[in-house]
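J.: give me a model of this one.
(chains A and B)
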Amino acid sequence: MQSAGDDLISISVADTRHAQALASRLRLSGDWIEAVAGIDSVVVRFDIARVDRTDAEHRLREASSNIQVGSGQDLAVVEIPIVYGGDFGPDLPSVCEKLGLSKEQFVALHTGEYTVDMLGFIPGFAYIGGLDERLTIGRLAEPRQHVPAGSIGIAGGRTGIYSLPGPGGWPLIGRTSRKLFDPTLDEPFTLAAGATVVFTAVNKL
Amino acid sequence: MALANRLVGNSSFVPALETTLTGVVLSFRSKTSVAVTGASASCTLNGAAVQQHTTIAVRQDDVLAVGAAEKGVRSYVAFAGGLQADEVLGSASTYLTAGFGGHSGRALALGDELFLRGAGTEFTPQATPAEFRLPMLDSWTLRAGYSSETSNVLNPERLFETRFTIANRSDRMGIKLEGATYSTNSDGNMASVPVFPGTVQCPEDGSLFVMSVDAGTTGGYPRVAKITRMDLHLLGQLRPGNSLTLIERNDEDATRELRGKHAYWQVWLPDIAEVI
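T.: Okay, the predicted model is just below:
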């Protein structure tokens, strides 16, 4: 447990599923202004106008014991058709060069079935783990100012799908026409933590 | 926004209008009261100068013009009773990125019609006392503390010794700082972590980004500082070209000073603890 700022406490957890389970437990408790899950940590924001840090830390430690993780078995399988490279994946050539792969090898390694780790960043942005180790690459040194919606990036052993346009720091390798967020729907998110996605290669959006 | 609402008898979070750099011209179809706060801008009613930070009575067919921001970035126009707006997830704010909230999820355009919620409650026209008018500056100082990956930065104390310049690359999501770069020991593969308005991230090129009101919820660049809660409400007024200095506050001092700030403001805004 450590401070992440004057009104923030970060707590490390075993993995993404524990982070999701702890964050939802903390949200349900009503004790926190916000509880946000990362990949392997949860950060709470608490009301420093009324609550002392030592009390908040004590409460967080108590709430963090015996976290039960769900199985996520009943979630739908969602196909994500991807156009790899070209204008839609402007970083694919440099990514392939750094990884020592041809485009065909990259696509063969990237297509397939994965599990969604979590949603975060912007509404609908999906963090999808389980990439082949040969596809591990870091974030861009300088984040792009404009990433189009549907862009697919990879970083730190994960695939990320940019659900909305905006800035972004992941090298972009392709784009999908699949919409991940629609605020007009009762259930605005196409994906959820634990859902299965299948990446397939297509020639046009 | 709370300060503008205060002048027209509204509670702090009633929907109001936010302008960004450019102003706005409003024609009124009915009588009401309005107030303009935030970025300094010259305002006129039917061509005659009117003051910011005061209640302005308007009649049917009056035209209120709020000029471009002279200092600061965002002006707030509040209306007695408040504006009707689309509420999503408990907020009437416009989230431009996803196109929801506010007025059809978009910035206002010429010819748009806005409606008031109602006549509002009885109130006395007034002016914000001088000590409660937020000064709009060219050079800002915000209090900040260390965050989780501050130790990834070589010489973190330099964060508090630098005069930064606000970059053009600044919006409601984040504000880029220029003027110094930092070396971090991150390789770009960090597992994504929660971020909040006020979190300062440092990508591998060593520049700093301050997350603002429309911050993402997670990010993967090291979190090297956090603007303290008590000064977050000023982020929206940092204008490209302005200078910014961060001054260091540990968590304990940041808490004590926030409580002091609340006590000071309570006289004018009784719900200040909800506002900042």
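J.: burial count for the residue in the stretch 51-200 of chain B that chain A sits nearest to?
T.: In the stretch 51-200 of chain B, the residue that lies nearest chain A is B:Gly188 (2.4 Å; CB to the nearest CB). For glycine as for every other residue, the C-beta is placed from the backbone atoms N, C-alpha and C. Residues lying near B:Gly188 (other CB atoms under 10 Å in any protein chain shown) number 19.
J.: domain ranges for chain A?
T.: Domain assignment for chain A, taken from automatic domain parsing, gives A:2-63, A:77-201.
J.: list the contacts for the residue of the stretch 51-200 of chain B closest to chain A?
T.: B:Gly188 makes contact with A:Ile137, A:Gly138, A:Arg139, A:Leu140, A:Ala141, A:Ala155, A:Gly156, B:Glu204, B:Gly220, according to CB atoms under 8 Å, 6 or more residues apart in numbering or on different chains.
J.: among the residues you listed, which pair sits farthest apart?
T.: The most widely separated members of these, counting by CB to CB, are A:Ala141 and A:Gly156 (14.1 Å).
J.: who's more crowded, the two?
T.: A:Gly156 (21 against 13).
J.: end-to-end on stretch A:18-37?
T.: Stretch A:18-37 has an end-to-end distance of 9 Å (criterion: CA to CA, to the nearest Å).
J.: what lies in contact with stretch A:52-71?
T.: So stretch A:52-71 is contacted by A:1, A:3, A:9, A:11, A:13, A:17-18, A:20-22, A:25-26, A:29, A:31, A:44, A:46, A:194, B:251-252, B:255 (CB under 8 Å, 6+ apart).
J.: what does stretch A:198-205 give?
T.: Residues contacting stretch A:198-205 (CB under 8 Å, 6+ apart): A:77-84, A:88, A:107, A:110-114, A:150, A:159, A:175-177.
J.: and for stretch A:136-146?
T.: A:91, A:95, A:98-99, A:154-157, A:165-172, B:169, B:187-190, B:203-205, B:207, B:209, B:220-221.
J.: give me the beta-bridge partners of A:Phe199?
T.: A:Ile80, A:Gly112 (DSSP bridges).
J.: how many other residues sit next to B:Val267?
T.: B:Val267, neighbours per other CB under 10 Å, totals 11.
J.: excluding sequence neighbours, find me the nearest residue to A:Leu119.
T.: Distances taken as CB to CB, 6 or more residues apart in numbering or on different chains place A:Ala126 nearest to A:Leu119, at 5.8 Å, with adjacent residues excluded.
J.: would you mind measuring from the one residue in chain A that gets nearest to chain B to B:Asp61?
T.: With CB to the nearest CB, the shortest gap between chain A and chain B falls at A:Gly138, namely 2.4 Å. A:Gly138 is 60 Å from B:Asp61, where distance means CB to CB, to the nearest Å.
J.: again with B:Ala273
T.: The value you get for B:Ala273 to B:Asp61, if CB to CB is used, is 41 Å.
J.: quick one on the thing from earlier: secondary structure class for the residue of the stretch 51-200 of chain B closest to chain A?
T.: Secondary structure assignment for B:Gly188 (DSSP: H, G, I helix; E, B strand; the rest coil): coil.
J.: just the helices in the chain please.
T.: If you meant another chain, say so; for now it's chain A. For chain A, helices defined by DSSP state H occupy the ranges A:16-29, A:53-63, A:92-99, A:103-110.
J.: um, chain B though
T.: Going by DSSP H, chain B shows helices at B:2-7, B:251-265, B:272-275.
J.: who in the stretch 151-276 of chain B is up against chain A?
T.: B:169, B:173-174, B:187-194, B:196, B:198-199, B:203-205, B:207, B:209, B:216-221, B:223, B:226, B:228-229, B:249, B:251-252, B:254-255, B:258-259, B:262, B:273 (CB under 8 Å from any CB of the partner chain).
J.: low pLDDT regions in chain A?
T.: A:71-73 (pLDDT under 70).
J.: all strands of the stretch 51-200 of chain B, in order?
T.: B:56-58, B:63-66, B:71-79, B:139-145, B:163-170, B:174-178, B:193-194, B:199-201 (DSSP state E, counting those that start in this stretch).
J.: per-residue confidence for B:Pro156?
T.: pLDDT, B:Pro156: 89.
J.: any idea what sits nearest the residue of the stretch 51-200 of chain B closest to chain A, other than its immediate chain neighbours?
T.: Nearest one to B:Gly188, counting by CB to CB, 6+ apart, is A:Gly138 at 2.4 Å.
J.: so who does the residue most central in space within chain B touch?
T.: Central residue of chain B (CA atoms, centre = their mean): B:Gly236, 3.3 Å from the mean position. Residues in contact with B:Gly236 (CB under 8 Å, 6+ apart) are B:Val73, B:Arg74, B:Arg172, B:Ser212, B:Val213.
J.: any of those buried? List them.
T.: B:Val73, B:Arg74, B:Arg172, B:Ser212 (16 or more other CB atoms under 10 Å in any protein chain shown).
J.: TSV for those residues, including pLDDT and distance to A:Ile67?
T.: TSV is the format used below for those (pLDDT from 0 to 100; distance: CB to CB, whole Å):
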residue	pLDDT	distance to A:Ile67
B:Val73	98	43
B:Arg74	98	41
B:Arg172	94	34
B:Ser212	97	32
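J.: hang on, the earlier thing: show me what contacts the residue nearest to A:Leu119?
T.: So A:Ala126 contacts A:Val116, A:Met118, A:Leu119, A:Gly160, A:Ile161, A:Ser163, A:Leu180, A:Leu191, A:Val197 (CB under 8 Å, 6+ apart).
J.: could you rerun that using 7 Å?
T.: Each residue near A:Ala126 by CB atoms under 7 Å, 6 or more residues apart in numbering or on different chains is listed here: A:Val116, A:Leu119, A:Gly160, A:Ile161, A:Leu180, A:Leu191.
J.: related to what we said a few turns ago, most tightly surrounded among the strands of the stretch 51-200 of chain B?
T.: strand B:193-194 (a mean of 28; mean count of other CB atoms under 10 Å in any protein chain shown).
J.: who touches it?
T.: By CB under 7 Å, 6+ apart, strand B:193-194 touches A:Val36, A:Gly38, A:Ser41, A:Val43, B:Ser148, B:Thr217, B:Thr218, B:Gly219, B:Arg223.
J.: what about B:Leu134, distance to B:Thr37?
T.: 8 Å.
J.: which one's more surrounded, those two?
T.: Using other CB under 10 Å, the more surrounded residue of B:Leu134 and B:Thr37 is B:Thr37, with 24 against 16.
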